[in-house]
Every structure is written in structure tokens, then in C-alpha cells.
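Chemist: I'll drop the sequence and a predicted model, then ask my questions.
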Amino acid sequence: MSRIGKKPIPVPAGVDVKIEGNSVTVKGPKGTLSDTFNPDMQIERIGDDIVITRPSERKDHRSLHGLTRSLLGNMVIGVSEGFKKELEVNGVGYRAAKQGKDLVMNLGYSHQVIMPETDGITVEVPAPNRIVVSGSDKQKVGQFAANVRGKRPPEPYKGKGIKYAGETIIRKEGKAGKGR
């Protein structure tokens with residue numbers, strides 16, 4: 001049996017879970033998320049836990065078991081605590097700022113890069129070289145952070161660009177480092 005799929009999902013206080021067949025709606029202090037899952041998976045609430053069971057040991061059912069549990073667990077965590085990704089902007093003259101609901105970045109191009117906040121996503125700029133993306137939907141937060149990073153990915157020679165906090169950039173030596 002799937003080690004992930006068989007773990008029950010604890011529902012914290014203040015989170016309301018509504019299960020109707022294969023669609024689940026989770027409501028909490030950070031917002032509301034709803035999703036529809038594969039009809040083969042049985043989702044039920046037992047006490048303060050959500051339990052997912054699968055009908056058989058087929059390979060596709062085993063795969064869906066862990067996936068369904070992970071997605072539901074992320075929904076519960078998202079509406080209760082939320083998710084956040086931190087990005088760092090490195091480089092001379094590279095900086096980020098918040099203007100209204102837009103993220104405005106100077107990344108060495110001839111123009112400013114402007115990215116508007118999408119619904120469900122909050123962008124904060126605590127310092128000119130730090131960007132914090134937060135929200136209740138893990139997929140949306142990760143995708144928005146990846147889109148921001150994609151505007152100027154870090155380059156391997158000097159490490160200039162936008163990288164995730166804690167990400168290590170493997171450096172290259174450059175022309176001068178070559179033996180003669």
C-alpha cells in the first residue's frame with residue numbers, strides 16, 4: 001500500500017471540509033480551495049481526519065492514491081497556513097519594487113519588467129533584492145515564483161539574476177581560468 005496515500009490528513013480547527021462524491025471544497029482562514037479528484041478514489045472524513053482509500057492494487061490506482069492524498073493535504077495546509085516562496089535578486093543595478101498591485105523589476109534590460117499580481121497570490125518586496133510570493137494554492141504560488149525567476153534566471157559566471165532563496169548556483173570559471 002502507498003506509504004503516502006495511507007496516511008490520514010489531519011484537519012486543523014477552523015478548517016471546514018465539504019466532500020461531495022469526488023469533489024472536495026476546503027474552507028479556512030486563508031481562503032477557499034476546491035478540486036475534483038478521480039472518481040475511483042474514495043475520500044471520506046473520519047473524525048478530525050480525511051482518509052483516502054483505493055479500490056484495487058492496480059498500478060494506476062496506486063499512483064492516484066498518493067497523488068490524491070498529497071493534493072488534498074496541500075489544500076488543507078494552504079487554507080490554514082498558506083505557502084510562500086522567497087526569491088533573491090542579485091546583480092549590480094538589479095532591484096525589485098512594488099507599485100500598487102504590480103511587481104516592477106529592473107533586471108538590466110532597457111525597460112522595466114512589470115508583473116501584475118494574479119488572484120490568490122500576494123507579492124511582497126521587503127527589500128530591493130528580496131521578493132516574497134505567498135498564497136493558499138501551492139501550484140499557483142510555485143508557478144508565479146517560477147515566472148518571476150524566468151524573467152532573468154541566474155547565470156553561472158557571476159550569479160547575476162533571480163534565484164530562489166537557498167538555491168545554489170553552480171559557478172563556471174570563465175576564459176581566464178583556462179590553463180595555457
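Modeler: Right, received. Where do you want to start?

Chemist: State the three-state secondary structure for the spatially most central residue of the chain.
Modeler: What sits nearest the mean C-alpha location of the chain, by C-alpha atoms, centre = their mean, is Gly142, with 3.1 Å. Assigned by DSSP: H, G, I helix; E, B strand; the rest coil, the conformation of Gly142 is helix.

Chemist: I'd like to check which residues are in contact with it.
Modeler: Gly142 makes contact with Phe83, Lys85, according to C-beta atoms under 8 Å, 6 or more residues apart in numbering. All C-beta spots, glycine's among them, are computed from the backbone N, C-alpha and C.

Chemist: Tell me how far Gln95 lies from Val104.
Modeler: Actually, residue 95 is Arg. It isn't Gln. From Arg95 across to Val104, the span is 9 Å (C-beta to C-beta, to the nearest Å).

Chemist: pretty sure Val15 contacts Gly78?
Modeler: No: between Val15 and Gly78 there is no contact under C-beta atoms under 8 Å: 10.1 Å.

Chemist: any idea of the mean pLDDT for stretch 13-29?
Modeler: Averaged over stretch 13-29, pLDDT sits at 93.

Chemist: my read: Gly91 touches Met105, true?
Modeler: No: counting by C-beta under 8 Å, Gly91 stays clear of Met105, with 10.9 Å between them.

Chemist: returning to that earlier point: state the distance from the residue nearest to the centre of the chain to Pro116.
Modeler: From Gly142 to Pro116 the distance is 18 Å (C-beta to C-beta).

Chemist: immediately after the longest helix seen in the chain, which helix or strand?
Modeler: Assignment by DSSP state H gives helix 59-80 as the longest helix of the chain. Remark: after helix 59-80, the chain's next helix or strand is strand 83-90, criterion DSSP states H and E.

Chemist: so what's in contact with Val15 and Gly78 at the same time?
Modeler: Residues within reach of Val15 and of Gly78 at once, by C-beta under 8 Å, 6+ apart, are Val26.

Chemist: Just want to know which of those two has more residues nearby.
Modeler: Just comparing Val15 and Gly78: by other C-beta atoms under 10 Å the higher neighbour count belongs to Gly78, 23 against 18.
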